[in-house]
Structures are given as structure tokens and as C-alpha cells.
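Asks: Quick check, what structure comes out for this input:
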Amino acid sequence: MRRFFSGLWRVITFPFWLIFTILAFPFRLIGRFVRFLNTEPEEHPLGDVVAGIVTDKTVREFLWNEIESLRKHLLRAVLVVLVAVGITFAYTVPVMEFLTVPIGGLQNLQAIQVTEEVGVFMKIALSLGITTAFPYIVFEIWWFAAPGLRSREKKYGLFAIPFATLLFVSGMAFAYFLMLPTALPVLGGFTKISQQWTAMEYFNFVNGLIFWMGISFEFPLIVYVLTAMGIIKPRVLAQHWRIAVIIIAVLAAAITPTVDPLSMGLVMVPLTLLYFISIGLSFLAYAGRRRAAIEAEERI
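Replies: A predicted model of the protein is given here:
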């Protein structure tokens, strides 16, 4: 009889328990996330980890766990990109038309291969998918690195995700609205040779330029994060600015698949400006890190 009433009580209370569990689930997730943000990591000096790979079984297990964790993060990011690519199929052609505005529209391009139109469409769709999923990709990067970060660094990294997306979009907008209108007339009117660009060549040029300029605009944020983590120091960046300018020139030559100095200069100027902005942000991050270290010592 006792079992009967106990079972009856469970049947009666099950709907209420289910509703409570569903309503409480978001709050439990938020609580776990807040605890995760405020959890300090265990200290694993890099030298000890490298030395222990050969001698310590625990270190090897820790390393393999990290590799497995990285695989899961990459898999989730790739799946989200694939979903985003599927969604962007609906507006890939309008975006292609938008990208060809500087040359008067899609009708001014030609395809000389049977699969060229399909290849161009898929390339633009993939770029749109990566751009759409970019905030989640950055979140996965943060999620992978977060267990090894201090509480302050986790929070700063989380808040940096919207800024990373904004910088990425700003870099792409800079390439489209400022670089293309300047570079294309120069490249198309350099000599009296008649210009008949193929779709593949044009979109490879435009897509590569826009995408890599978007990535390049992430540099100040990356420098700030690395300084906050104690990996780099601002004085090193300030002292070696001449070498940095040379490296920027090489990168500008790689980003712009042309030999004209105008296009290369258009890439070098913003990248050089971003480098010096990065130095200022690095000093701010370094000052914040020192202040946090002093406060921690005072509490001890």
C-alpha cells in the first residue's frame, strides 16, 4: 500500500516537477556559467608541462584531454559555419551583385569554365557563412582558452567578443568602401589593354582582400588580450616598431595580389595605424595587469 501511494504521489507531482525543472534550467545554466567565470585556474607553468610530456603520465593525459577538447570546439565551430552557409544561400546572389557594384554589376563579368559560376557562388556563400558565424567562432576560441585564464581575464575575453566582431566587419567595410573604389580603376586602366575579367578572378581578388582586411583589423584586440595574459609586453612592441613596419609591408604585399604601390599603400597605412593603436592598448592592458597583481598581493 505504501508503494502504491508513493507511486501515485509521483504521478500527481510529476507535471509540477517537470514545469519547475524547465523553468529552473536557464537559472541553473546561468549559475554554472557565473561560477565558471569566477573560478581561478590551476597553475601549470609552461616549462613544467613541456618537461613532463616525456616523464609524467599525468601531464600527457592532461595534454591529450586538451587536444580532445580542442577537437570538440573545432567541430562545433565547423558545424555552425555549415549551418550558416546553408542559411546564406538565400542571399548569396544579392551579395555577389553588391560586390560587383564597383564594376557596374554581374553582367560585366564572364565565366569561361563550365563550373565557374557554381564555384564562385560556393566561395561567396562560404565567406558569408564564416562572417555570419564569426561571433560564435570567437566564442569557441574563448571557451577553449577560458579554463586556463584567471577570472578577470575570462570576463574581459567574453566582453571582447562583440568588439572582435565589430573590428572584423569594420575591416571588411574599409576594404570594400575605400580600397576597392581606389584600386580597381588603377588596375583596370593601367594600360590600354581591354579588360575582360572573369568571375573567378574578380571574386578571388575581392573576396580575399575583404576577408583578410577583416582579419587584420583584429590585431589590436589580439595584442590587448595577449598582454592581459602576460604573454607579450608593450615595451617590446614599442621598441621594435621598425621591424613591425617591414613585416606589415610583407603582409600588405601578400594581402593585395597586385604589384601596384597604390593598393599596397592602402593596406599598409591602416595596418601600421592599427599597430600603433595596439601599442597603446597593450600599455593599458599591462597597467591593468600590474594593478590586479598588486591588489592580489595586498589581499594576501
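Asks: quick one: average confidence on the strand or helix carrying V269?
Replies: Assigned by DSSP states H and E, V269 belongs to helix 261-299. Per-residue pLDDT values over helix 261-299 give a mean of 78.
Asks: and what of stretch 126-136?
Replies: For stretch 126-136, the per-residue pLDDT averages 93.
Asks: Identify the residues contacting the closest residue to E218 other than its chain neighbours.
Replies: Distance criterion Cβ to Cβ, 6 or more residues apart in numbering; nearest residue to E218, sequence neighbours excluded, is L167 at 5.5 Å. Yep, even glycine has a C-beta here, placed from its N, CA and C like the rest. If a contact means Cβ atoms under 8 Å, 6 or more residues apart in numbering, then L167 has 214, 217-218, 220-221 as its contacts.
Asks: Swap in 10 Å and give it another go.
Replies: The contact partners of L167, taken as Cβ atoms under 10 Å, 6 or more residues apart in numbering, are 160, 214-222, 274.
Asks: chain center to stretch 164-181, what's the gap?
Replies: Relative to the chain's own centre, stretch 164-181 is displaced by 15 Å; criterion: Cα atoms, centre = their mean, to the nearest Å.
Asks: Please identify the buried residues of that stretch?
Replies: Buried residues in stretch 164-181, counted by 16 or more other Cβ atoms under 10 Å: 164-165, 167-168, 171-172, 174-176, 179-180.
Asks: In helices only, show me these.
Replies: Mapping these onto helices (DSSP state H) picks out 164-165, 167-168, 171-172, 174, 180.
Asks: Strands of the protein, start to end?
Replies: Under the criterion DSSP state E, the chain carries no strands.
Asks: If you rank every helix and strand of it by mean pLDDT, what lands last?
Replies: Evaluated with mean pLDDT, DSSP states H and E, the helix-and-strand set of the chain has its lowest mean pLDDT in helix 46-55, which scores a mean of 51.
Asks: Give me the pLDDT value at the residue nearest to E218.
Replies: 89.
Asks: any idea how far L281 is from it?
Replies: Here L167 is placed at a distance of 12 Å from L281 (Cβ to Cβ, to the nearest Å).
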